[in-house]
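**Student:** All I have is the shape, not the residue letters:
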Ligand SMILES: *Cc1c(COP(=O)(O)O)cnc(C)c1O
C-alpha cells in the first residue's frame with residue numbers, strides 16, 4: 001500500500017459541493033480583484049487570531065515582504081532570522097537589500113534559540129523574524145522581551161502555524177506583524193497561492209492596503225513604490241469554505257501525532273518535542289534519525305511519502321555566500337538538516353495508512 005505525503009484530493013472530495021459553489025459564485029459576480037470575499041476572510045482570520053486587522057496578499061512570501069516594508073526595513077538594515085526555515089524567510093530580507101542575520105535553533109523544537117539572539121543584535125538591527133516551524137510557536141516571551149529591550153520590530157513567520165498558540169496567544173498575534181501562507185499544503189490551503197498579514201496597528205494596516213495596490217492612494221497617485229500583491233477573490237472564497245473545517249482538521253492532525261508519538265517513542269528516533277506553552281498544529285510531523293538516508297531509501301521502496309524540511313540551511317545556500325558564514329557556524333541547524341524527515345500527517349490519513357508508515361519507519365530505525 002502506497003501512502004502519499006499529502007493528498008489534497010481527499011479534502012476536496014469531502015467538501016466538493018461547497019467549494020464548487022463558492023468558486024462559481026465568484027465567477028458569477030465577477031469581482032475578481034479585492035471582491036467581498038477578501039474582506040470577509042480578512043475579518044475572520046483577524047478574529048481567529050484575536051487581532052484587529054488582516055490584509056490579504058498574493059502569497060505567504062509577499063506577506064513577509066510587505067510586513068518588512070511596513071516595518072520600515074531599508075537597505076543595509078539587519079533582520080534576525082533563524083538559519084533553519086523555508087527559503088522565503090531570509091529571501092525576503094535580501095530582496096529589500098537588507099541583511100538577514102542568521103541565528104541557530106533549539107535542538108528540540110527546531111525554532112530560533114532566543115538565548116543566541118542578543119549576540120546577533122547590532123546598531124543596524126531593526127527586526128526579529130521568528131519562524132513557528134512545523135506548526136509550533138517559537139519562544140515568543142523571550143523574543144518579545146529582547147525586542148522591547150532593543151526597540152526592535154517582531155514579524156512572525158506564521159506560515160506553518162495558523163491556529164497554533166503560545167500560552168493561549170494565537171500565532172501571528174504576539175509580534176507587531178503576523179504572516180500566514182495559504183499555499184495548498186499549509187493547514188489552511190487555497191487552490192493556488194495566497195497569504196495574509198495580521199496586525200493591530202491601524203497605520204500599518206492602512207499602509208499595507210496601499211502597498212498591495214502598487215503603493216497608490218488614491219488610485220494612480222503613488223506615494224510609495226508598492227507591489228501588485230492581492231489575495232485573489234477566488235482564493236478567498238475557497239479559504240472561507242475551508243476555514244470552517246480548520247479546527248477539526250487540526251484536531252485530526254494532533255490525533256495522528258499522538259499515535260505516531262506513542263508508536264515511535266523508544267525507537268532510535270527523535271519524535272517532535274512539544275513545549276508546555278504550545279498548542280502544536282502539526283503542519284509537519286518531523287522526526288530525526290541518525291540513519292536518515294537508509295530510512296528514506298526504504299520508505300521510497302515501500303512508497304511511503306516523506307520529505308526533508310529542510311536539507312540546506314541558509315548559511316550553506318549559494319545565494320547567501322556574501323553573508324560570510326561558514327560551515328560549522330550553526331551546529332544545531334547543521335545536525336537537524338542532516339537528520340530530519342517529515343512523515344504523512346494530513347487530516348484524512350487513515351488508520352491503516354498510518355500503521356503502514358509506522359511499520360516501515362520502525363523496521364529501519366528501531
Ligand atoms: C510556506 C512558507 C512561506 C512562504 O509562503 P508562500 O505562500 O509559499 O509564499 C514562508 N515561510 C515559511 C516558514 C513557510 O513554510
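**Tutor:** All right, it came through fine. Computed from a predicted structure; not experimentally measured. Residues are numbered from 1 along each chain as shown.

**Student:** got the residues of the protein near the ligand?
**Tutor:** Listed as neighbours of the ligand in the chain under the rule Cβ under 6 Å from any ligand atom: 59-61, 85-86, 88-89, 131, 157, 159-160, 181, 183, 193, 195. Every C-beta, even on glycine, is put in place using the N, C-alpha and C of the backbone.

**Student:** Contacts for stretch 263-279 next, please.
**Tutor:** 108-109, 134, 136-137, 139, 163-167, 257, 260-261, 280, 282, 285-291, 339, 358, 361-362, 365-366 (Cβ atoms under 8 Å, 6 or more residues apart in numbering).

**Student:** Report the buried members of the residues you listed.
**Tutor:** Among the contacts of stretch 263-279, the ones that count as buried by 16 or more other Cβ atoms under 10 Å are 109, 134, 136-137, 139, 163-166, 257, 260, 280, 282, 285-289, 339, 358, 361, 365.

**Student:** Now intersect these with the helices, please.
**Tutor:** 257, 260, 339, 358, 361, 365 (DSSP state H).

**Student:** Which one of those residues is nearest to the ligand?
**Tutor:** Checking those against the ligand with Cβ to the nearest ligand atom, the nearest one is residue 257 at 17.9 Å.

**Student:** From what I see, that closest one and residue 283 are in contact.
**Tutor:** No - using Cβ atoms under 8 Å as the test, residue 257 is too far from residue 283 to be in contact (11.0 Å).

**Student:** Find the nearest non-adjacent residue to whichever residue of the chain sits closest to the ligand, please.
**Tutor:** The minimum distance from the chain to the ligand, using Cβ to the nearest ligand atom, falls at residue 60 (2.4 Å). Excluding its sequence neighbours, the residue lying closest to residue 60 (Cβ to Cβ, 6 or more residues apart in numbering) is residue 181, at 2.4 Å.

**Student:** ok now do that neighbour, which residues does it touch?
**Tutor:** Residue 181 touches 59, 60, 61, 63, 159, 160, 194, 195, counting by Cβ under 8 Å, 6+ apart.

**Student:** try 7 Å
**Tutor:** By Cβ atoms under 7 Å, 6 or more residues apart in numbering, the contact list for residue 181 reads 59, 60, 63, 159, 195.

**Student:** In strands, which of these appear?
**Tutor:** Mapping the contacts of residue 181 onto strands (DSSP state E) picks out residue 195.

**Student:** Redo the contacts of residue 181 as TSV? Include neighbour count, distance to residue 298 and pLDDT.
**Tutor:** Putting the contacts of residue 181 into TSV (neighbours: other Cβ atoms under 10 Å; distance: Cβ to Cβ, whole Å; pLDDT from 0 to 100) gives the following:
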residue	neighbour count	distance to residue 298	pLDDT
59	21	35	98
60	27	33	98
63	35	38	98
159	29	31	98
195	29	36	98
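
**Student:** And the contacts of residue 181, which two are furthest apart?
**Tutor:** For those, the farthest-apart pair by Cβ to Cβ is 59 and 159; their separation is 9.4 Å.

**Student:** how about the residue nearest to residue 60, phi and psi?
**Tutor:** phi -120, psi 140 (degrees, to the nearest 10).

**Student:** pLDDT score for it?
**Tutor:** Note for residue 181: predicted pLDDT of 98.

**Student:** which residues does it bridge with?
**Tutor:** residue 195 (DSSP bridges).
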